[in-house]
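A.B. asks: everything below, folded, please.
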Amino acid sequence: MKVYVLVALIAAAVTYLSVPVVRHIALVANALSPVRSRDVHVTPVPRLGGLAMYAGFTVAITVASHIPYLAGVMNSSAWAVVLGAGLVCLLGVIDDLWELDWMTKLAGQVLAAGVMAWKGVQLITFPIGGLTIGSANLSLGTTIVVVLVAINAVNFIDGLDGLAAGVIGIGATAFFLYVYVLTRFTSPGSFSSQAATLVCALIGICVGFLPHNFNPATIFMGDSGSMQLGLISAAVTIIVTGQVDPASLPTTSAVGVFLPIIIPVAVLLLPLTDMVMAVVRRTRAGLSPFHPDRMHMHHRLLARGHSHRRAVLVMYMWTAITAFSVASLSFFPAPAVGAATVGAVLVAVPLTSNLVPGLFLPLPRNMPGRHAPPRTGRRTHPAKERQ
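C.D. replies: Residues are numbered from 1 along each chain as shown. Okay, here's the model as predicted:
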């Protein structure tokens, strides 16, 4: 455990110390987030924060690969994740500077996911029944789809100061606990795990970036950060999935067999839900799935009277409830976890006010910013919901 904490601390420290340098670069390059009708910030803010996060992630993985305890598990797959994260980070920087159209961005995401899969991070089997994906091409295609969904889900939720970094950091912490406990049972002779190491680095870059990004933010992570968080989250899930023997899980509950699939979904539940709701909402209105609006979860919280910080904290709370509840099933009986989860939800609902019953209902037509006006210039996609 001490080694994993060290990896997280290195990632956090490098990210935290790199942010002022990156912020200066963003100011010099005029990489500032404009103030648009659907945004909540009132003055242009530097972006490109993903560069600092990538520096923290890369340094942490480099150091981990030289630690004897982890050297045996830090193989080419770990460097494939570093490469993939670097490619989407570069793509995000280019977009922040020159505003790519959505098709170019999607092509870049496919390229990054494909390179990472080609270098070894590929979904081959499912942990239920030993189901194996039938062909190499199907495996590659499935991996790319999973990575694209995670990338854009995180990108969609990145709309308030500290929201994406906090949500992913909390979810990654729950996922780490699951992976660590799983490793103890599947490899009792050694607790070293590549997935756990990557997750710790992911937690570290979120922790290191948050002090600069929490409201009022002095820098935004930009697409270079949000896409990076999504890709790393998907990569860790892929590395764990297919390498798990459900019979080795310490839970006696039947749900334990499905945990390798349920936990990654729980970790990204809020971003995935927000993305699905946005696509359904926009297509039902006859609009493009990429049409911008102010009807995301965080916008609804603000519309119902929550302050900026309180809205973010509410999203943190629900992320913690879902992620830690599911992760707890790996080492606690299901009835006990269920009872604790119900208690947490009963506390969370009043704090959330009327968000829960209103999530899937249409907001009043006169709500300010219900549909954002079309943007001018080259940018015609909402993949960057704030940055």
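A.B. asks: from here on, contacts and neighbour counts on C-alpha atoms
C.D. replies: Fine.
A.B. asks: quick one: contacts of the helix or strand that contains residue 56?
C.D. replies: Using DSSP states H and E, residue 56 maps to helix 50-65. Outside of helix 50-65, the residues within contact range by CA atoms under 8 Å, 6 or more residues apart in numbering are 7-8, 10-16, 18-19, 22, 70-71, 74, 78, 82, 85-86, 89, 197-198, 201-202, 204-206, 208-209, 221-226, 228.
A.B. asks: now the element after that helix, going C-ward?
C.D. replies: helix 68-71.
A.B. asks: one step back: state the mean pLDDT of the helix holding residue 56.
C.D. replies: For helix 50-65, the mean pLDDT works out to 96.
A.B. asks: okay, buried residues for that helix please.
C.D. replies: Neighbour-count burial for helix 50-65, counted by 16 or more other CA atoms under 10 Å, picks out 50-62, 64-65.
A.B. asks: could you dump that helix to CSV, C-alpha only?
C.D. replies: Output of helix 50-65 as CSV, limited to C-alpha atoms (Å, rounded to 0.1, in the frame of the first residue of the first chain):
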residue,chain,number,x,y,z
GLY,A,50,-4.3,18.7,-19.2
LEU,A,51,-0.6,19.3,-19.9
ALA,A,52,0.2,19.5,-16.2
MET,A,53,-1.9,16.4,-15.6
TYR,A,54,0.0,14.5,-18.3
ALA,A,55,3.3,15.5,-16.8
GLY,A,56,2.2,14.2,-13.4
PHE,A,57,0.9,10.9,-14.9
THR,A,58,4.0,10.3,-17.0
VAL,A,59,6.5,11.0,-14.2
ALA,A,60,4.6,8.8,-11.7
ILE,A,61,4.5,5.9,-14.2
THR,A,62,8.2,6.4,-15.0
VAL,A,63,9.1,6.3,-11.3
ALA,A,64,6.9,3.3,-10.6
SER,A,65,8.6,1.3,-13.4
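A.B. asks: so that it lines up with my notes, have the first residue be 9 from now on.
C.D. replies: Yes, from this point I'll number from 9; that puts the last item at helix 58-73.
A.B. asks: chain center to that helix: distance?
C.D. replies: 17 Å (CA atoms, centre = their mean, to the nearest Å).
A.B. asks: and for stretch 98-106?
C.D. replies: 19 Å.
A.B. asks: try stretch 22-42
C.D. replies: That offset, for stretch 22-42, works out to 21 Å (CA atoms, centre = their mean).
A.B. asks: for the chain, which spans come out with low pLDDT?
C.D. replies: Scanning the chain with the threshold set as pLDDT under 70 gives 43-50, 133-142, 193-198, 250-269, 290, 295-307, 310-314, 361-395.
A.B. asks: could you identify the longest helix within it?
C.D. replies: Among the segments of the chain that qualify as a helix by DSSP state H, the longest is helix 10-36.
A.B. asks: taking helix 58-73 as reference, get the angle to that helix.
C.D. replies: Compare the direction of helix 10-36 with that of helix 58-73 by axes from the mean of the first three to the mean of the last three CA atoms, to 10 degrees and you get 150 degrees.
A.B. asks: residue 283: how many residues sit nearby?
C.D. replies: Residue 283 has 23 neighbours, counted by other CA atoms under 10 Å.
A.B. asks: do residue 308 as well
C.D. replies: 18.
A.B. asks: now for residue 228: which residues touch it?
C.D. replies: Residue 228 sits in contact with 41, 53-57, 169, 221, 395, where contact means CA under 8 Å, 6+ apart.
A.B. asks: give me the subset of the residues you listed lying in strands.
C.D. replies: Counting by DSSP state E, those place 41, 53-54 in strands.
A.B. asks: between the residues you listed, which has the most around it?
C.D. replies: residue 54 (26 neighbours).
A.B. asks: contacting residues around it?
C.D. replies: Contacts of residue 54 by CA under 8 Å, 6+ apart are 31, 34-35, 38-41, 226-228.
A.B. asks: show me what it bridges to in the sheet.
C.D. replies: residue 40 (DSSP bridges).
A.B. asks: okay, it and residue 227: tell me how far apart.
C.D. replies: 5 Å (CA to CA, to the nearest Å).
A.B. asks: ok, residue 130 next?
C.D. replies: 33 Å.
A.B. asks: what do you get for residue 191?
C.D. replies: 37 Å.
A.B. asks: looking at those two, which one has more neighbours?
C.D. replies: Set residue 191 next to residue 227 and count neighbours by other CA under 10 Å: residue 227 wins out with 26 against 21.
A.B. asks: quick one, phi psi at the more buried one?
C.D. replies: In terms of degrees, to the nearest 10, the main-chain angles of residue 227 are phi -160, psi 150.
A.B. asks: was I right about it contacting residue 55?
C.D. replies: Yes: Residue 227 is within contact range of residue 55, at 5.4 Å (criterion: CA atoms under 8 Å).
A.B. asks: can you check which residues contact both of the two?
C.D. replies: In contact with both residue 227 and residue 55: residue 31, using CA under 8 Å, 6+ apart.
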